[in-house]
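[1] Starting from these lines, generate the structure:
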Amino acid sequence: MPGINLTLSGESDAGLANRIVPELTALTSAVLEKLPELTMVMVRFIPHELWFIDSRSLVEHGRNSFRLEITITDETCSKAQKARYQREAFDLLSTLIGNVHPHSNVHIVDCRAGAYGYGGVTQEYKYQHT
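    Sure thing, here's the model as predicted:
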């Protein structure tokens, strides 16, 4: 069950979020082999004047930015899959958002199976009882 936190620069835009989420979910499913029905995505927006890179706001940079954080169960994806996801997620979001600062980033968090789960049950427990 991947948990995705996507932070985008700019004012809240439900239309943009609704365009990004299905494509990001499909990418996560295809590259990391995760089930779409178990993929949770939360989107939030930070105004350009409150997002800083090198102590300068995105207003000053004249750019957009994003930070994608995805939590997956440790050892369920290969280094090659994660490298591909980094590349393709960056490209996808750059295309959909436009004019992104090169410091926009993707952060993959490998979480131990005993410390991560959903429905009140750890991934480790689900694995041991399937």
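[2] quick check: mean pLDDT across stretch 123-130?
    For stretch 123-130, the mean per-residue pLDDT is 72.
[3] Just the buried residues of stretch 55-66, please?
    Residues 58, 61, 63-66 are the ones in stretch 55-66 that count as buried (16 or more other Cβ atoms under 10 Å). C-beta: built from backbone N, CA, C; applies to glycine.
[4] so can I have TSV of these showing secondary structure, pLDDT and distance to S12?
    Listed next are these as TSV, based on DSSP: H, G, I helix; E, B strand; the rest coil; pLDDT from 0 to 100; distance: Cβ to Cβ, whole Å:
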residue	secondary structure	pLDDT	distance to S12
L58	helix	98	16
H61	helix	98	21
R63	coil	98	19
N64	strand	98	14
S65	coil	98	16
F66	strand	98	14
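[5] would CSV of these with distance to L27 be doable?
    CSV is the format used below for the buried residues of stretch 55-66 (distance: Cβ to Cβ, whole Å):
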residue, distance to L27
L58, 24
H61, 26
R63, 23
N64, 19
S65, 19
F66, 14
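[6] Please identify which pair of those residues lies farthest apart.
    The distance between the two most remote of those (Cβ to Cβ) is 13.6 Å, for H61 and F66.
[7] burial measure for the nearest residue to G117 once chain neighbours are set aside, as a count.
    In space, and not counting its chain neighbours, G117 is closest to Q123: 5.0 Å by Cβ to Cβ, 6 or more residues apart in numbering. When neighbours are defined as other Cβ atoms under 10 Å, Q123 has 20 of them.
[8] so where's this protein uncertain?
    For the chain, applying pLDDT under 70 flags the ranges 125-127.
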